[in-house]
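[1] sequence and predicted model, in that order:
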Amino acid sequence: MRVRARYAKTGKLRFISAIDLGRVWERALRKADLPIAYSEGFSPHPKVSFAEALPLGYASVGEYAELTFATALPLDPAMAALNAAFPEGLRVLAAQEAPEGAAKLAKRLQASCWELEYPAEVEPDVLERAVEASLAADRLPVARERKGETTTVDLRPALHVLAAEGRLVRAVLHHVEPQVRPSELHDALRLASAGAHALADPLLVTRIAQGLPMAGGLEEALDSGLVLVARDDAGTPPISVASVLQKANS
Amino acid sequence: MPSTTSAAQRAHESVWPRLERVLTQVRKPARYVGGEGNITVKDHAGATSAWLLVYPDAYEVGQPNQGVQILYEVLNERAGTVAERGYSPWPDMEALMRAEGIPFFSLENHLPLRAFDIVAFSLAAEVGYTNLLAVLDLGGVPLRSAERADDDPLVIVGGHASFNAEPLAPFVDVVCAGDGEEFALELDLLLKQWRQAREAGDVWPREQLLAKVAEIEGAYVPAFYEPEYLPNGGLRGIFPRREGIPYRISKRTVSDLDAWPYPKRTIVPLTETVHERYSVEIFRGCTRGCRFCQAGMITRPVRERSRETVKQMVAEGVANSGFEEVGLLSLSSADHSDILGMCGDLADSFEGTATSLSLPSTRVDAFNITLADELIRNGRRTGLTFAPEAGTERMRRVINKMVSEADMLRTAETAFANGWRHLKLYFMIGLPTETDEDVLGIAELGLKVSALGRQYGRKNKVTVSVGGFVPKPHTPFQWVAQDAPENLRRKLGLIRQRIAVDRQVTLRYHDPLPGVVEGLLARGDRRVADAIERCFALGGRFDGWDEHFDYDRWLRACAETGVDIAWYTERERDEDEVLPWDHIDSGLEKAWLWQDWQDSLREVELDDCRWIPCYDCGVCPGLDVQHQTGHLPIVHASTR
């Protein structure tokens, strides 16, 4: 039985690497005594796979994993047992059985919605102006350092939507190769805030959701819900870290 | 005193908000976040005593340490007692902490060191000494005991290296040699009185605090002892300088391991560490009598944990951790009187699961192949490790590693015949009385084992691993001269040259220079402390790591503080020389150790006292324990 899960990686857990995360999952599956399937071969591994590695230090309430169980099992109690076995900061928020022959979840992960939370000293109108200027710009050149070499990349093609709400900035970024990091989006905002070179670093950056880019946001990969970065004309409220967690708790 | 109140408040604030903003700037930030499975996070508001347990090495090395894990649980189980953990920050992190003004902190609540009543270091090896000073310095505690204020945290060390704590004497308030379980709980009661008095406005003078600590059995308070030296530079003695202070301090010994079934809930790391498994000691102590082995000498007598207790601990430990591997720890695990039954039980219970068993320390004999086969019933046969320790039978008689070459080769052949593909052999060079013939014997043995391996598979491999011998306190070799590094290099060259004829044999070895520093710290006296402090000030950290060890820095530190390294390492001691650790009573009679050293020179072997009559090493009398094993000595003696 194949299961797709959307999970959160928050708090202290956001400082553990993708490799470490895999081991934490495997141990929790064993501790919860769930019948995870193992790969064949010389060195059998539990069948758990992850999409889109989250860069170290960022939180997320929109990560995805695909699990294969050796036997069919009721999902809700299994995920509750898994959540009880996870260390604090890791939590499955939603899960569903993948239909037989369904395409890989990764195909539906074409964009990420991010939330950048700025500290109290940042004035909301500074963020608003930076967002407007960024959206109006044809190009958003930022410096990127990789392997000791600094190049300039244009973020504009990857930027799908962008909005500010108080001290929060939300953006949907297309998944492009190489990945655009939220820190680079912050750099672009800092440059666009024209003169406000001291735009402080965000306190916390959280990935809210992943899915297919849609007008004003994206369609979430697991349940196809519409994720908006700003309130639309019909008054639909935007997504936020808080709203995702609230929904998972209800 | 309002000014100190605000400073005290700051000392009790979590560093996490400051830390999390900068944490992505360092390598492996997961080392510093805590949050692991099975940790205990207590609120300090209700605490009546607070311990910071520190393993002064990198997180991935220190986290699996069994001693810290045990004390962590034992202390946290007591109401009102808080125990948290800390590990040495990697140099990039230390630099960041200094730049950001972040003090040394615990992983549970991310509290600064000064928020704790006591900082307790586990010292498994001497190479952690500079890191210990770095922790104190980062924690804002004066390095020297004499400079600490009445309300500074108490600084204590335990672990094997504490059997000669003289090189650390000026830096530590208390040393505990031996088993820590009972000692920690007794000291904890005193900490509670100390804190209660302090909070009531009655701050005990430091000396009064230390005097009370010194009353606890097994507590060595270096400040109350003073070394006197002879004109030739040797020790005249280390004498108590306070009334009621004993001349010698006995190590602590826990008598019944079944009464201390720890760890119950092993901490499960979030990031990779050196050992990721549920580990349980199946016995403490060892009476094999290998003359080089400090661990075997200082942990006597043998105290076995019963098969039933081990079985229950493992069942619970695996279930509450999710670990896939179980380690049955001891100094020679195959010697447990019920080892085959114990492994059989465990292998049965793991049937059909991915859980595997490992026995880290086993001796070389055919019985172990049976055992190893049992262990990997449901796994694959990759590598087996044996420690012949020396290359010739003569050399093995000197070190009392009682195994014949014929036995060893038979064992190797059985292993290859049973499908094992890779044998690793551990040896030492620089042993007392060693000749070039003995050294070449290492290469010859490796080649012979490899030739046997080839009969069972063209690709079978042998790894010969060679380390330089470092003489340790409380062993029959505590008097010997350590081999000079240049001589060790020459000997390694002999082995390398001889082994080169066989490509299936790999030689692994360590540079001899770190061993020189280890030797200095292992057998040093109080005068070596200045060199340690100087080396720390010159930037010395992580001396156990090749990329950080800097021999020239140690040479400079020793030169500047007047410490003659060779005098400590390469000088053979006389029978009547006072040794810096003579006042720490490991239970072993010095006269017996000397006798055993003389026997060694005559190549006389001494059998294990579990199956021969007692030879009076001195450990058992005075303890309310004898060797506790299921072995029947007479039966064993007649079958061997």
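    Looks like it arrived, so ask away. Residues are numbered from 1 along each chain as shown, chains lettered A, B, ... in the order given.

[2] may I ask which helix or strand of chain A has the lowest mean pLDDT?
    Every helix and strand of chain A was ranked by mean pLDDT, DSSP states H and E. The lowest is helix A:241-249, at a mean of 84.

[3] what does it rub up against?
    The contact list for helix A:241-249, computed with C-beta atoms under 8 Å, 6 or more residues apart in numbering or on different chains, reads A:8, A:59, A:61-62, A:91, A:93-94, A:115, A:206, A:208-209, A:237. (Each C-beta comes from the backbone N, C-alpha and C, glycine too.)

[4] chain center to that helix: distance?
    14 Å (C-alpha atoms, centre = their mean, to the nearest Å).

[5] ditto for stretch B:539-559
    20 Å.

[6] stretch B:574-587 too?
    20 Å.

[7] start to end distance for that stretch?
    For stretch B:574-587, the separation between the terminal residues is 21 Å (C-alpha to C-alpha, to the nearest Å).

[8] buried set for it?
    Within stretch B:574-587, the residues that count as buried by 16 or more other C-beta atoms under 10 Å in any protein chain shown are B:578-587.

[9] would you map the strands across chain A?
    Listed in chain order, the strands of chain A (DSSP state E) span A:2-9, A:48-50, A:59-68, A:90-97, A:111-117, A:141-146, A:149-154, A:159-165, A:168-174, A:204-214, A:217-220, A:226-228.

[10] and the buried residues of stretch B:574-587, which is closest to chain A?
    When the buried residues of stretch B:574-587 are compared for distance to chain A (C-beta to the nearest C-beta), residue B:586 wins out at 39.2 Å.

[11] contacts only, for the most centrally placed residue in chain A.
    Closest residue to the average C-alpha location of chain A: residue A:207 at 3.1 Å, with C-alpha atoms, centre = their mean. Contact analysis of residue A:207 by C-beta under 8 Å, 6+ apart lists A:54, A:58-63, A:112-115.

[12] tabulate the CA atom coordinates of the least confident helix or strand of chain A in CSV.
    In CSV, the C-alpha atoms belonging to helix A:241-249 read as follows (Å, rounded to 0.1, in the frame of the first residue of the first chain):
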residue,chain,number,x,y,z
VAL,A,241,1.7,28.9,8.4
ALA,A,242,-0.9,29.5,11.1
SER,A,243,-3.9,28.5,8.9
VAL,A,244,-2.1,25.3,7.7
LEU,A,245,-1.5,24.2,11.3
GLN,A,246,-5.0,25.1,12.3
LYS,A,247,-6.5,23.0,9.6
ALA,A,248,-4.3,20.1,10.5
ASN,A,249,-5.4,20.3,14.1
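
[13] show me what counts as buried in it.
    Applying 16+ other C-beta under 10 Å to helix A:241-249 flags A:241, A:244 as buried.

[14] now render the contacts of residue A:207 as CSV, adding distance to residue B:300 and pLDDT.
    Shown next, in CSV, are those (distance: C-beta to C-beta, whole Å; pLDDT from 0 to 100):
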residue, distance to residue B:300, pLDDT
A:54, 52, 93
A:58, 53, 96
A:59, 52, 97
A:60, 53, 97
A:61, 56, 96
A:62, 58, 95
A:63, 53, 96
A:112, 61, 96
A:113, 64, 96
A:114, 61, 97
A:115, 61, 96
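
[15] dump those to a markdown table, plus neighbour count and distance to residue B:93.
    Shown next, in a markdown table, are the contacts of residue A:207 (neighbours: other C-beta atoms under 10 Å in any protein chain shown; distance: C-beta to C-beta, whole Å):
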| residue | neighbour count | distance to residue B:93 |
| --- | --- | --- |
| A:54 | 20 | 22 |
| A:58 | 20 | 20 |
| A:59 | 21 | 21 |
| A:60 | 26 | 25 |
| A:61 | 25 | 28 |
| A:62 | 29 | 30 |
| A:63 | 23 | 27 |
| A:112 | 25 | 30 |
| A:113 | 27 | 33 |
| A:114 | 25 | 28 |
| A:115 | 26 | 28 |
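
[16] could you find the closest non-adjacent residue to whichever residue of the stretch 401-550 of chain B sits closest to chain A?
    As assessed by C-beta to the nearest C-beta, chain A sits closest to residue B:421 within the stretch 401-550 of chain B, at 12.6 Å. Excluding the flanking residues, the one nearest residue B:421 by C-beta to C-beta, 6 or more residues apart in numbering or on different chains is residue B:460, at 5.6 Å.

[17] now do the contacts for that neighbour.
    In this structure, residue B:460 makes contact with B:416, B:421-423, B:450, B:453-454, B:504, judged by C-beta under 8 Å, 6+ apart.

[18] closest to residue B:248 among those residues?
    residue B:423 (44.3 Å; C-beta to C-beta).

[19] doesn't the closest one fall inside a strand?
    Yes - Residue B:423 forms part of a strand when assessed by DSSP: H, G, I helix; E, B strand; the rest coil.

[20] quick check: bridge partners of it?
    residue B:384, residue B:462 (DSSP bridges).

[21] that one contacts residue B:457, doesn't it?
    No - the criterion here is C-beta atoms under 8 Å, and residue B:423 misses it with residue B:457 at 11.8 Å.

[22] flag the shaky bits of the chain, pLDDT-wise.
    Looking at chain A here, since you left the chain open. Within chain A, the segments meeting pLDDT under 70 span A:194-197.

[23] that's the wrong chain, I wanted chain B
    By pLDDT under 70, the low-scoring segments of chain B are B:1-10, B:361-367, B:376-382, B:622-640.

[24] now do the buried residues in the biggest helix by length in it.
    Using DSSP state H, we find that the single longest helix of chain B is helix B:436-456. For helix B:436-456, the neighbour count (16+ other C-beta under 10 Å) marks B:438-447, B:449-450, B:452-453 as buried.

[25] again, but for stretch A:184-194
    A:184-193.

[26] ok, now stretch B:262-272?
    B:262-263, B:265-271.

[27] quick one: contacts for residue B:499?
    For residue B:499, counting by C-beta under 8 Å, 6+ apart, the contacting residues are B:443, B:446-447, B:464, B:505, B:507.

[28] swap that for residue B:192, sorry
    B:48-49, B:80-81.

[29] sorry, back to before: ok, residue B:423 and residue B:457, which is more surrounded?
    residue B:423 (23 against 12; other C-beta atoms under 10 Å in any protein chain shown).

[30] related to what we said a few turns ago, pull the number of nearby residues for the residue of the stretch 401-550 of chain B closest to chain A.
    17.

[31] angles on the backbone of it, please.
    phi -110, psi -20 (degrees, to the nearest 10).

[32] residue B:383 is in contact with that one, correct?
    Yes - using C-beta under 8 Å, residue B:421 is in contact with residue B:383, at 7.4 Å.

[33] what segments of the stretch 501-640 of chain B are helices?
    B:513-523, B:529-537, B:551-560, B:565-569, B:590-601, B:633-639 (DSSP state H, counting those that start in this stretch).

[34] before we move on, back to that, how about the nearest residue to the residue nearest to the centre of chain A, chain neighbours excluded?
    residue A:60 (3.9 Å).

[35] in the sheet, who's paired with the one you found?
    residue A:9, residue A:207.

[36] CA atoms of the strand or helix carrying residue B:213 as PDB?
    Assigned by DSSP states H and E, residue B:213 falls within helix B:206-214. Presented in PDB, the C-alpha positions along helix B:206-214 are these (Å, rounded to 0.1, in the frame of the first residue of the first chain):
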ATOM      1  CA  ARG B 206      34.200  27.600  48.500                       C
ATOM      2  CA  GLU B 207      36.500  25.800  50.900                       C
ATOM      3  CA  GLN B 208      33.600  24.700  53.100                       C
ATOM      4  CA  LEU B 209      31.800  23.400  50.000                       C
ATOM      5  CA  LEU B 210      34.800  21.500  48.900                       C
ATOM      6  CA  ALA B 211      35.400  20.100  52.400                       C
ATOM      7  CA  LYS B 212      31.800  18.700  52.400                       C
ATOM      8  CA  VAL B 213      32.400  17.200  49.000                       C
ATOM      9  CA  ALA B 214      35.600  15.600  50.200                       C
END
